[in-house]
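S.K.: generate coordinates for the sequence data below:
(one chain, ligands or ions: 1)
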Amino acid sequence: MAKVKIDENVCVGCGLCVNACPECFELSDNGIAVVTNPDCTSDSVKEVATQCPVDAISVED
Ligand code: SF4
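M.R.: Have a look, this model is predicted:
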């Protein structure tokens, strides 16, 4: 099962991951994305990880 993480020191809050995969991510009050479901199994989550502009998302199988 996938383990999804965001490096909050790297995230710039662009919102891409939240828009692409709202079942896994949301933007916190400080404008940084957080993982709401670390076991997210959405097929799009790996795709989103490759699209993050600062490479802040990691997905472990
Ligand atoms: S795509 Fe990357 S930089 Fe953009 S909000 Fe998500 S984790 Fe942050």
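S.K.: report the contact partners of the nearest residue to residue 11 once chain neighbours are set aside.
M.R.: Closest residue to residue 11 apart from its sequence neighbours, by C-beta to C-beta, 6 or more residues apart in numbering: residue 56 at 4.3 Å. Using the backbone N, CA and C atoms, a C-beta is placed for each residue, glycine as well. With contact taken as C-beta atoms under 8 Å, 6 or more residues apart in numbering, residue 56 is in contact with 6-8, 10-12, 33.
S.K.: put together JSON lines for these, with secondary structure on each row.
M.R.: What follows is the contacts of residue 56, written out as JSON lines (DSSP: H, G, I helix; E, B strand; the rest coil):
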{"residue": "6", "secondary structure": "strand"}
{"residue": "7", "secondary structure": "coil"}
{"residue": "8", "secondary structure": "coil"}
{"residue": "10", "secondary structure": "coil"}
{"residue": "11", "secondary structure": "coil"}
{"residue": "12", "secondary structure": "coil"}
{"residue": "33", "secondary structure": "strand"}
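S.K.: pairing partners for residue 60 in the sheet, please.
M.R.: residue 3 (DSSP bridges).
S.K.: so what's the residue count around it?
M.R.: Neighbour count for residue 60, taken as other C-beta atoms under 10 Å: 9.
S.K.: now do the contacts for it.
M.R.: Here residue 60 is in contact with 2-3, 5 (criterion: C-beta under 8 Å, 6+ apart).
S.K.: relative to the ligand, which of these is nearest.
M.R.: Among the contacts of residue 60, residue 5 lies closest to the ligand (C-beta to the nearest ligand atom), at 9.8 Å.
S.K.: now the helices for the chain?
M.R.: Under the criterion DSSP state H, the chain contains helices at 16-20, 44-51.
S.K.: I figured residue 14 hits residue 57, correct?
M.R.: No - with contact defined as C-beta atoms under 8 Å, residue 14 and residue 57 do not form a contacting pair (11.4 Å).
S.K.: the two - which one has more neighbours?
M.R.: Remark: of residue 14 and residue 57, residue 57 carries more neighbours, 25 against 16, as counted by other C-beta under 10 Å.
S.K.: flag every residue of the protein that's near the ligand.
M.R.: Within the chain, the positions near the ligand by C-beta under 6 Å from any ligand atom are 6, 11-17, 33, 52-54, 56-57.
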